[in-house]
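Undergrad: Just to be clear, the model below is a prediction. Sequence and coordinates:
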Amino acid sequence: MPAKSVLLAETWDESIDPTGYWISEKLDGVRAYWDGERFYSRNGNRFYAPEFFTKDLPKKALDGELWCGRSLFQKCVSIVKKQKDAVEEDWKFVTYLVFDAPDHDGGYEDRVKWLNSVIKPEKKTTYAVVVGIKKCEGRAHLKKFLDDVNKLGGEGLMLRLPGSLYERRRSTTLLKVKTFKDDEALVIGHQKGEGRLQGTMGALLCKLSNGKEFKIGTGFSDAQRHKPPKKGSVVTFKFQELSNSGSPRFPVYLRQRTDLTWEEVLENAKTKSSPATTAKVIPALKKQHSILFSTVPSRDQVSGDKIVTNDDTLEDIAPAVDAAPTDEKQPCKYGANCYRSDKTHLATFTHPKSKPSPKPKQQLPCKFGAECYLKDPIHLAKYAHTQETQLKNEKEESEDEKEDETTQKMEIDDEKEEMISVKKSEWDAIQARLKESDDRLARMEALLKPNSDEKPKKRKTEEAVQVEKEEKEEVQVEQKKPAASKKPKPTIATKKPAKPAKAEEEEEPEAQVESDLKVCAYGAKCNRSNPQHFVEYSHPVGFTPPTSKKKLSSSK
């Protein structure tokens, strides 16, 4: 299939007044052209979407992106680019976000109106949504939406010229607005990783179209570090600005460009300078992230039903084209089939009387009760806590709001790492969570530590068994000796040789051995140290028990 020519965007700058343009969100999905029967990439490569995904799409050409969610570009690519081993179930997590109709002859507003008439996102079997738009009221209005998307991790915004036609080329009627600029670079080598990254790729050695060399060390997953883009490939990266020497500051890897060759990049650079090769630095805007002016519902992983979560909505659904301001509620376009249950939506839009009011979900009791230390909004929304816990959480939240919002900055070499900036309250919260984790780990280790009192008891038992065994052996030896060989039992001398005073105190008291003492079978070679043994058995005169010898040597 030949490559599909689609409308491509230019980059917006401050010299262009955005007033009157239509605003939509810049998506981080995979560009897909629907020809009425199949999906194709810009290069003409087919995407093998399952039948259930495409059956509700019109038999007319559409332009849009296959999308899995914010910051899930790599996941989306892994799903849609599979061919023979494609997994149909994975496509249930993909949505086709449609933003234009290439074969429609009307202006932009007419094309959007037609798209809304043929795509019905309220149906359970529909996996397509028309990207919402809103009229821009000026630069401040544009930057306000850009700030909102930035907080949610989005790529930026798109501006569409009112009444513009669909052009199958790069056009100034479509502009992209982003905080970080992006550009292409050639991979000329790999730098080995160190520390945690030892044995993998630490950074890509890259070159710009003007010959400037630099490194890209962030933005990679572990899998990409094990299998990085090959030498000679083209990659897209984003950066904040250029340094005084002309190197991109804070470069972050985005993706490998399999649809673009380095020769094409150099050819384009002859007629137009790229963001990374121009000396002029446009003031950076903070970007947003979310699907503005649209609701893209998630789907239940088991049933496949559409559900709306907090991550799916940024604000109330806005109409595709702005209507005149009014104090009356607007009817919800989904009618009785509306699946939304958030209070703001229900307060803004009217629904048929047959639509029952959604019942609030019953919270499960938290097993930790008043001692619960979790502050995560998802946990608090799912589990019920005692009033004492709720009051404690509200008090802590109010104290956090009163804290100084001064940020703590860690300044690092700008040629190697990005400067990180966090609020003081967030930093303190992180430290508190780490301390709680350490405390819990210490408690768990204490619970799992074996009882040290058990081992000594076990050793004493083993010694007693050994003593008993040796004594039995001695008795058996005595019994086996013939009666004639028995000798009179010697007695231990009552007069002790001169010894140090300390040694005399430590030695066992010696006394005249009674006539009923047994003779030790080992004689002068006896190495026993058990006092009970010397009470029952006699030894040659001058014999000193091993324990006494040790004590005498130590006292000397």
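TA: Now that the structure is in, tell me what you want to look at.
Undergrad: My guess is G36 contacts T54. True?
TA: No. In this structure, G36 is not within contact of T54 by Cβ atoms under 8 Å, at 9.9 Å. Heads up, the C-betas are built off the backbone N, CA and C, glycines and all.
Undergrad: Just want to know which of the two has more residues nearby.
TA: Taking other Cβ atoms under 10 Å, G36 and T54 do not tie; T54 has more neighbours (17 against 12).
Undergrad: Give me the pLDDT for that one.
TA: Among the per-residue scores, T54 shows a pLDDT of 94.
Undergrad: swap in S357?
TA: On the pLDDT scale, S357 gets 53.
Undergrad: Use 33 as the first number for this chain going forward.
TA: I'll keep to 33 as the first residue from here, and by that count the last item is S389.
Undergrad: okay, now the nearest residue to D254 once chain neighbours are set aside: neighbour count?
TA: Residue nearest to D254 in three dimensions, not counting chain neighbours: T232, with 7.6 Å by Cβ to Cβ, 6 or more residues apart in numbering. The local packing of T232 (other Cβ under 10 Å) involves 18 other residues.
Undergrad: Following the chain onward from the longest strand seen in the chain, which element is next?
TA: Ranked by residue count under DSSP state E, the longest strand found in the chain is strand 213-224. Elements were assigned by DSSP states H and E; along the chain past strand 213-224, the next helix or strand is strand 233-239.
Undergrad: now F400: how far from I462?
TA: In this view, F400 and I462 are 21 Å apart by Cβ to Cβ, to the nearest Å.
Undergrad: Check D471 too.
TA: On the measure of Cβ to Cβ, D471 and I462 end up 15 Å apart.
Undergrad: and A235, what does it touch?
TA: A235 is in contact with 222-223, 247-249, counting by Cβ atoms under 8 Å, 6 or more residues apart in numbering.
Undergrad: Swap in 10 Å and give it another go.
TA: Shown in contact with A235 (Cβ atoms under 10 Å, 6 or more residues apart in numbering): 221-225, 229, 246-250, 252, 257, 260, 283, 285, 448.
Undergrad: before we move on, what about K302?
TA: With Cβ under 10 Å, 6+ apart, K302 has these contacts: S241.
Undergrad: Which pLDDT value belongs to it?
TA: Here the pLDDT value assigned to K302 is 84.
Undergrad: Kindly report the same for A533.
TA: At A533, pLDDT is 45.
Undergrad: what's the distance between the residue nearest to D254 and C108?
TA: 24 Å.
Undergrad: Report the spatially nearest residue to T158, omitting neighbours in sequence.
TA: D88 (4.4 Å).
Undergrad: Hmm, V161 and the one you found touching each other?
TA: No. Taking contacts as Cβ atoms under 10 Å, D88 lies outside contact range of V161: 11.5 Å.
Undergrad: So for these two, which residues contact both of them?
TA: 128, 151-153.
Undergrad: Those residues: which two are farthest apart?
TA: Y128 and K152 (13.0 Å; Cβ to Cβ).
Undergrad: So which of those two has more stuff around it?
TA: Y128 (23 against 16).
Undergrad: Secondary structure element holding that one?
TA: Per DSSP H and E: strand 127-132 holds Y128.
Undergrad: List the buried residues for the next helix or strand after that strand?
TA: Sequence order places helix 140-150 as the next helix or strand after strand 127-132, per DSSP H and E. Residues 140-141, 143-144, 146-148, 150 are the ones in helix 140-150 that count as buried (16 or more other Cβ atoms under 10 Å).
Undergrad: Could you export these to TSV, including columns for pLDDT and distance to E506?
TA: Converted to TSV, these look like this (pLDDT from 0 to 100; distance: Cβ to Cβ, whole Å):
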residue	pLDDT	distance to E506
Y140	96	109
E141	95	111
R143	96	108
V144	95	106
W146	96	108
L147	95	103
N148	93	104
V150	94	104
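Undergrad: Could you report the distance from the closest residue to K263 other than its chain neighbours to D67?
TA: What sits nearest to K263 in space, not counting adjacent residues and going by Cβ to Cβ, 6+ apart, is V219, at 5.6 Å. Applying Cβ to Cβ, the value for V219 to D67 is 34 Å.
Undergrad: neighbour-wise, which of these two wins?
TA: Between V219 and D67, counted using other Cβ under 10 Å, the more crowded position is V219 (20 against 15).
Undergrad: Tell me where this protein has helices.
TA: Here the chain has its helices, by DSSP state H, at 83-86, 105-112, 140-150, 171-183, 254-258, 294-303, 375-380, 409-414, 419-434, 456-480, 486-512, 533-538, 563-568, 578-587.
Undergrad: If I average pLDDT within each of the ones you listed, which one is lowest?
TA: For those, where the average pLDDT is lowest is helix 533-538, sitting at a mean of 44.
Undergrad: R78 - how many residues pack around it?
TA: By other Cβ under 10 Å, neighbour count at R78 equals 11.
Undergrad: What of P260?
TA: With other Cβ under 10 Å as criterion, P260 counts 21.
Undergrad: State the distance from it to C398.
TA: Counting by Cβ to Cβ - P260 and C398 are separated by 45 Å.
Undergrad: distance of the residue lying closest to Q288 once chain neighbours are set aside from S110?
TA: Excluding the flanking residues, the one nearest Q288 by Cβ to Cβ, 6+ apart is P261, at 4.7 Å. Applying Cβ to Cβ, the value for P261 to S110 is 16 Å.
Undergrad: quick one: which of these two has more around it?
TA: Neighbours were counted for P261 and for S110 using other Cβ under 10 Å; P261 has more, 21 against 13.
Undergrad: Return the backbone torsion pair for the more buried one.
TA: Main-chain dihedrals, P261, degrees, to the nearest 10: phi -60, psi 140.
Undergrad: show me the contacts for it.
TA: 219, 222, 233, 236, 238, 248, 252, 267, 285, 287-290 are the contacts of P261 under Cβ under 10 Å, 6+ apart.
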